[in-house]
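Need a 3D model of the following:
(2 chains)
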2 protein chains.
Amino acid sequence: MNDGYNVIGKSVGRIDGKVKVTGQAKYTGDLRFPGMLVGKILTSPYAHARILSIDTSEAEKLPGVKAVITHKDVPSLKYGISPARWDENIFCIEKVLFVGDKIAAVAAVDEETVYKALKLIKVEYEVLPAVLDPLKAMDEDTPWLHAEYPHNINTEIHQDFGNVEKAFAESFHVRTDRFVGQRAYQSPIEPHSAISMWDGDKLTVYSSTQSPHYFQYYIARQFGLPMGNVRVLKTYIGGGFGGKLEPTGLEFAGAALAKITGRPVRMFYDRHEMFAHNRGRHRQYMELKTGVDKDGKILGVYANFLMDGGAYTSLGVASAYYAGALLTIPYDFANYRFDMYRVYTNLPACGAQRGHGHPQPRFAFESHMDNIAHDLRLDPIELRLRNARKPGTITPNEFKVNSCALEAAVEKARAISNWDEKRNNLPKGRGIGIGLGAFVSGAGYPIYRTNLPHAAAIIKVNEDGSSATLYTGAVDIGQGSDTVLCQMAAEAMGYTFEKMTIVSADTEAAPHDFGAYASRQTLMSGAAVKQAGEDVKKQLLELAAPSLGINVAELDCRDEVIYVKKSPEQQRTFAEVAREFFVKKGPLVGKGSYTPPKLGGKFKGAAVGTSPAYSFAAQVTEVAVDPETGEVNVLEAWDVHDCGKVINPALLHAQVHGAFFMGMGESVWEEVLFDENGKILNANLSDYRVPTALDMPQFHSELVDSYEPNAPWGVKEVGEGATTPTMGSIANAIYHASGVRIKSLPISPEKIWRALKEQREE
Amino acid sequence: MNDGYNVIGKSVGRIDGKVKVTGQAKYTGDLRFPGMLVGKILTSPYAHARILSIDTSEAEKLPGVKAVITHKDVPSLKYGISPARWDENIFCIEKVLFVGDKIAAVAAVDEETVYKALKLIKVEYEVLPAVLDPLKAMDEDTPWLHAEYPHNINTEIHQDFGNVEKAFAESFHVRTDRFVGQRAYQSPIEPHSAISMWDGDKLTVYSSTQSPHYFQYYIARQFGLPMGNVRVLKTYIGGGFGGKLEPTGLEFAGAALAKITGRPVRMFYDRHEMFAHNRGRHRQYMELKTGVDKDGKILGVYANFLMDGGAYTSLGVASAYYAGALLTIPYDFANYRFDMYRVYTNLPACGAQRGHGHPQPRFAFESHMDNIAHDLRLDPIELRLRNARKPGTITPNEFKVNSCALEAAVEKARAISNWDEKRNNLPKGRGIGIGLGAFVSGAGYPIYRTNLPHAAAIIKVNEDGSSATLYTGAVDIGQGSDTVLCQMAAEAMGYTFEKMTIVSADTEAAPHDFGAYASRQTLMSGAAVKQAGEDVKKQLLELAAPSLGINVAELDCRDEVIYVKKSPEQQRTFAEVAREFFVKKGPLVGKGSYTPPKLGGKFKGAAVGTSPAYSFAAQVTEVAVDPETGEVNVLEAWDVHDCGKVINPALLHAQVHGAFFMGMGESVWEEVLFDENGKILNANLSDYRVPTALDMPQFHSELVDSYEPNAPWGVKEVGEGATTPTMGSIANAIYHASGVRIKSLPISPEKIWRALKEQREE
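Got it, this is the predicted structure:
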């Protein structure tokens, strides 16, 4: 594909590939500092209990213990994602709210001592009745977790666009379905880890975080420090998927322990502690009511949702919003109502997980659409094509969709999966299903510090032009953003990818960026990088123009050659002009920043969470269902993505593969399970079953041409959007294969077996 | 001292203080990388020999050995400081030229295996007659080390200014003295160390180097790589004193071993290998002839010198130049002739050591001056005052001296040491002496890449103005430059030192700078930093001006307050305007660079090594000499320095203390000794006696007011200049105490005892 670009659009190798495969890449847990202590958090064994007393005296006496801290030793300032809903303390003060809630922390010379010391802390509790069922959380006689939140309502959203009731009244067919999405967990391969150390009143934290600048902000706030006194650095990160976006007890307790002991303190979660800390996908109860005309055209949709938020807000406000707001993206309809309650329960708090609240509603809606197609005796693809969004349209909740190649994606998925042939001719026990998806390319409204540019970048060209360094606050959590952003920098400069170096995600060394969430970095961080690269190029062209006897506007630079556009044989090398620049003007530095355009519609909330661009996907899956056991075997899948201009196809397809892989796990296996006391039953990777490479079916990732005018080079997101169609696609394939519609995730063999049994008994 | 500055001029704590005293600071030798091998160099046991054969087969068979390399495995491109005198190969090809010359290298899994493997390499030699006496190196029948350098003349310098013979003819008194300066070694506490690793054709080297950009240049050149393919990083450095300025076998062999093995390779010198690698102070034979009028006014000086260069050029060309060129600085005379031969011998190569060729000539000249004072029956201080240089004068070799407070320094040293009282009233065996010194503040002519700015700096202000980062290629080798440059950045920005962070001396992350040599960083790197800081301030003032309804020229910024100069109550905070800048214009980045003004006079060589500014010093020392044993006890010393504006008094006085300490060691103890085969007899810190803290006398470091118009804020150097007066001052005190004039360094008890014995026998 020669599209006139020299660096972008090519599958260059990862900039961090070699250091990762050779084991040279250091993760936070690999770092060691002299005198470093090990810290651990003591957590609650009860889901809901009053703390009567905490006695740390025995623990303090244990040789090797350097500090034991409780809420008395840390600021009691509450924190959380949304200032309006700060509800979490560093350590619990009066009550514990879930099994795993934070009571105290110990720093000692080694792990063995820390674990011993934790056992020596005596906490007296008065056990309180626990709220474990989200469906009962708002009942009149249910106790409240937080006095400030009556009836355990953490968030409620009520949005009404157009006139849904009128649409239903005018519909040819109205259907209501109820679905349940399960609690799932991100399970990144690298455990959460943080190392904190102080120098006077300055704090440095190495953290496995998706957003160093966000951490910096919260840690500074909690400890009453100027932001400049906190430096957050990330090293390499082994996956986050949303679970490493928030500050955790590791950073807060670690900072406090390091302050008290005067030594570096390393904190980490064991695997079971990662599950207990959680912040994974919410359990969601989703009622969908849709009215269609006789051709299947959607007239109105009512989504009535309830989310189990667990004990704290976490990032759940955004999850709740995304759950409903994004339902309007892939299908074009005019009337929409959305009601959402996110309730508190005495379970671990839920937060952002790849797709952030939206994959389960997408599962529900795609299942719901298949049911409607079934009702209308329409091919599911036909129904989707009749409703598919077109470019340049506006959603009922006033999101402006510029680029949209959804129809082409659906048609391509249909063709490459051989849908038309297979849909009616698969053998018994085999099925094929489709799901559509869509996602934002970054949030127009940031998670904090709302008046700043969302991204910034600096590029420094070395004095002889033989290398250049990109400084960015964007975070490579494994998805490859360091590589993609260096490609973008090189393209914008007219330079070579292989000569780029990157300094990313160190709050001191790199400029501000909101980090890795909402699939924002390629578009938003990329826009800042492009501007910085163009700034470099502009400075070079301005210097070169007189020596070539021509106006700057007549010049360009590509592949390190500055040339006259109309007579390319008139040229000078990038290196030569860069060196001349250094001699005459000092360091050659380009800079850029990105602030999204005003995006919101007129109504309240329209600006929240909207995005400069939306990606689209169509996914077809073929499955086999064993009618005796209900076992599902995912055989093959086809994903066709509209994600705008692709910077690095190999990395993009890797994201799609990974997204399908995660979606498949959530479709058929994964679920966080609790006992009757609110304790997780499967907080480990043998009982909580994530897919392995052996579970991956034959998978085809394809693209449709698309260009997003609101983005640098027309890019859009792919990392999260590719997860959104999967659950629906698999659920619909299972329905097609088995004839049973399982409306709750995961679609386990047991559920299928029971449904098949019921069907036979009917 | 409130001189209108807010940050400079204050003894702020070292920016690296905490991490160093707590042991958190990582030195190159502390770093570990997965799969890292250990490498060592096999060196020659002979001072001069032909290599007949090298058999590495046994070594290669040893389990754990990953590579054994000789000259066949590396480029045979010669290197060295000066392109005209590239005379050194990575490994010897035909001949070895000193005990310690490089034959081969081994990389293996651990140190034990490496040492075993080194013993298994069989080298057959034909031993050749060795040139060990520099005085015979140029003799007709002496063999030549390098065919390209007839009669072992590595460098010869012949400079003649004015008419020395005429001056002598017109003199009232002409005196000739001959002195010898010994071979000394820098003995930094941290051994040389380098870790090399490749990623494809890109090489990364962590090195304990004084000049990462210089290393980058040479390594790239040796391996035929574009400079951008080589990244050199320094971590913390435990002293260099000139000995870590050059690339060594560690970097070259390490890079080759890492390439062949595909693994990181850690190389280091043991203490005795540091001595063998050497590059320390040259042995120098110095004949001085001076003519004075009847008042002691110097009319002409002839310096006829010979330097033992050892086997290679190293940095010796510059040492040879500095030896003579700087003799003209402290005393004002019109006629000067300088002849210098730097000869090759089969001994370790000599290079730069604190003062770079000049401290020994200074010792010689200060001793010579005392002899002249004695001849004329003048007080040594009186003779010096009659000849002391004045500001705004030009030396016979056409160096322009702007600021110069030498007279005031001498008068102050005289006063605070109570010279006039002591000189004639000290008890027997006690003596007091004076020495003057001077040094460059950076070399006008760089050691390589002559067309680049000498220094550059970038400052990035974080988005809310609460911290800022300085990127510089200047190197903190322990002297405190990171701290001083951050003070300068903060002062120029109107900012706060404590909010500064520094990224220094990583060839990718920081802009080009020549590094730590010739006492250049405070003036030259500092000038670039000041410009970068002023660039930041200018951008902020331009943004703030409209909001304050005033012209930019009416504004200033200090202590993070931007204010109207004529009505300071009209103000905005730095933080507020910085944040506004980020919102409106993206990252706030300032940049600066420094190129010295044209400095040289008209004659050949005048431009070489001249400096934008010269520092001056007067040092008085009081000693006791035991007439029975010749033992010298340095009792007290007073140093008065003219080093321009002082950025950080505590760090400055630390430099003066350290310089005296080193100078004292070289005056009375230190000397690298060889056996008759050219092998060092005392290559360890018990036999080579450097002073310890217990040897330090009561020491007074004082300053005289001075302002250098050619420098940022009027700064000048201190690090090397403070070493220049010491040896003369101590030698003169010993003469005063004992009545014997020892003309060769070190002034050992044995030499004094023999001289006293001779005196008694006369």
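
Break down the stretch 401-550 of chain A into its helices, ranges please.
A:406-416, A:419-425, A:481-493, A:526-548 (DSSP state H, counting those that start in this stretch).

Tell me which of the ones you listed is the most buried.
Highest mean neighbour count among these (mean count of other CB atoms under 10 Å in any protein chain shown): helix A:481-493, with a mean of 27. Placement of C-beta: from N, CA and C, glycine included.

Render the CA-only coordinates of that one in PDB, please.
This file holds the C-alpha atoms of helix A:481-493, laid out as PDB (Å, rounded to 0.1, in the frame of the first residue of the first chain):
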ATOM      1  CA  SER A 481       2.000   3.000  21.700                       C
ATOM      2  CA  ASP A 482       5.700   3.800  22.000                       C
ATOM      3  CA  THR A 483       6.200   2.300  18.500                       C
ATOM      4  CA  VAL A 484       3.200   3.900  16.900                       C
ATOM      5  CA  LEU A 485       4.000   7.400  18.300                       C
ATOM      6  CA  CYS A 486       7.600   7.100  17.100                       C
ATOM      7  CA  GLN A 487       6.300   6.200  13.600                       C
ATOM      8  CA  MET A 488       4.000   9.300  13.800                       C
ATOM      9  CA  ALA A 489       6.900  11.500  14.900                       C
ATOM     10  CA  ALA A 490       9.100  10.300  12.100                       C
ATOM     11  CA  GLU A 491       6.400  10.700   9.500                       C
ATOM     12  CA  ALA A 492       5.600  14.200  10.600                       C
ATOM     13  CA  MET A 493       9.300  15.200  10.600                       C
END
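
picking up where we left off before, would you list the helices of the stretch 401-550 of chain A in CSV and tack on distance to residue A:217 and mean pLDDT?
Listed next are the helices of the stretch 401-550 of chain A as CSV, based on distance: least, CB to CB, whole Å; pLDDT from 0 to 100:
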stretch, distance to residue A:217, mean pLDDT
helix A:406-416, 37, 98
helix A:419-425, 48, 96
helix A:481-493, 20, 98
helix A:526-548, 19, 97
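
Among the ones you listed, single out whichever gets nearest to residue A:754.
helix A:419-425 (26.4 Å; CB to CB).

Provide the contact partners of the closest one at residue level.
Helix A:419-425 has contacts (CB atoms under 8 Å, 6 or more residues apart in numbering or on different chains) with A:379, A:381, A:413, A:414, A:432, A:434, A:620, A:622, A:736.

Of the residues you listed, keep whichever come out buried.
A:379, A:381, A:413, A:414, A:432, A:434, A:620, A:622, A:736 (16 or more other CB atoms under 10 Å in any protein chain shown).

which pair in the contacts of helix A:419-425 spans the largest distance?
A:379 and A:622 (15.8 Å).

Contacts for stretch A:547-561, please.
Identification of contacts with stretch A:547-561 by CB under 8 Å, 6+ apart yields A:6, A:465, A:493-496, A:537-538, A:540-542, A:544-545, A:562-566, A:570-575.

residue in the stretch 201-350 of chain A nearest to chain B?
Nearest residue of the stretch 201-350 of chain A to chain B: residue A:228, at 2.9 Å (CB to the nearest CB).

doesn't residue B:469 make contact with that residue?
No: if you go by CB atoms under 8 Å, residue A:228 and residue B:469 don't touch, sitting 10.1 Å apart.

For chain A, which residues score under the pLDDT cut-off?
Scanning chain A with the threshold set as pLDDT under 70 gives A:1-3, A:447-450, A:600-609.

per the record, what domains does it have?
Chain A breaks down into these domains under automatic domain parsing: A:17-25+A:454-594, A:31-128+A:189-239+A:244-277, A:354-437+A:611-761.

out of these, which comes closest to residue A:348?
Once these are compared by CB to CB, domain A:31-128+A:189-239+A:244-277 is nearest, at 5.3 Å.

Could you grab the helix/strand/coil label for the nearest residue to residue A:310 once chain neighbours are set aside?
With sequence-adjacent residues excluded and distances taken as CB to CB, 6 or more residues apart in numbering or on different chains, residue A:310 is closest to residue A:349, at 3.9 Å. Here residue A:349 is recorded as coil under DSSP: H, G, I helix; E, B strand; the rest coil.
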